[in-house]
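Enquirer: I would like the atomic coordinates for the input below:
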Amino acid sequence: MNKPVYVLRIALQAIIIAGIYFLYCSNPDGSFTLRIGLVLAWLILSFASQFYLMKFRGLYPISQAVADAKGKTVGEMNFFLAVGLLLAYDLLGPVIAIVFYYWDKRLVQRSN
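Expert: A predicted model of the protein is given here:
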């Protein structure tokens, strides 16, 4: 993944995670109470897992030239699906990272 896209996605993930934490810490009367607990730890772990998820080779988009050489087509992702995936990564990032780790391990074993 090229660096500007990588940095942009990290920034977007940080904003989404901060928004989730802000909603979690908001009170019904509109005030804000800072809460430190398992949700904060989970969100920090989720943010840290983004670095692995972005480097996972199974999720790399391929260029049109590479797709043509391999006889494949480059699929376009629906905007709402992309936003949904970002939210899933933020809410379930550690779980998804573990699944992708074992999936990547199977890909490496198959290629050897």
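
Enquirer: what mean pLDDT does stretch 100-112 have?
Expert: Confidence over stretch 100-112, taken as the mean pLDDT, stands at 80.

Enquirer: Give the buried residues for it.
Expert: Phe100 (16 or more other Cβ atoms under 10 Å). Bear in mind the C-beta positions are built from the backbone N, C-alpha and C, glycine included.

Enquirer: pretty sure Leu43 belongs to a helix, no?
Expert: Yes: according to DSSP: H, G, I helix; E, B strand; the rest coil, the state of Leu43 is that of a helix.

Enquirer: What sits closest to it if chain neighbours are left out?
Expert: Distances taken as Cβ to Cβ, 6 or more residues apart in numbering put Ile17 closest to Leu43, at 5.1 Å, once the chain neighbours are dropped.

Enquirer: for the one you found, what are its contacts?
Expert: Leu43, Ser46, Phe47, Asp90 (Cβ atoms under 8 Å, 6 or more residues apart in numbering).

Enquirer: Repeat that for Ser46.
Expert: Ser46 makes contacts with Ile17, Tyr89, Asp90, Leu91, Leu92, Gly93, Pro94, as judged by Cβ under 8 Å, 6+ apart.

Enquirer: any idea how far Lys3 is from the first one?
Expert: By that I understand Ile17. Taking Cβ to Cβ, to the nearest Å as the measure, Ile17 falls 21 Å from Lys3.

Enquirer: Narrow the contacts of Ser46 to just the buried residues.
Expert: Among the contacts of Ser46, those classed as buried by neighbour count (16+ other Cβ under 10 Å) are Ile17, Tyr89, Asp90, Gly93, Pro94.

Enquirer: which SS state does the closest residue to Ile10 other than its chain neighbours fall under?
Expert: Spatially, and ignoring its direct neighbours in sequence, Ile10 is nearest to Gln50 (6.6 Å; Cβ to Cβ, 6+ apart). Going by three-state DSSP, the secondary structure assigned to Gln50 is helix.
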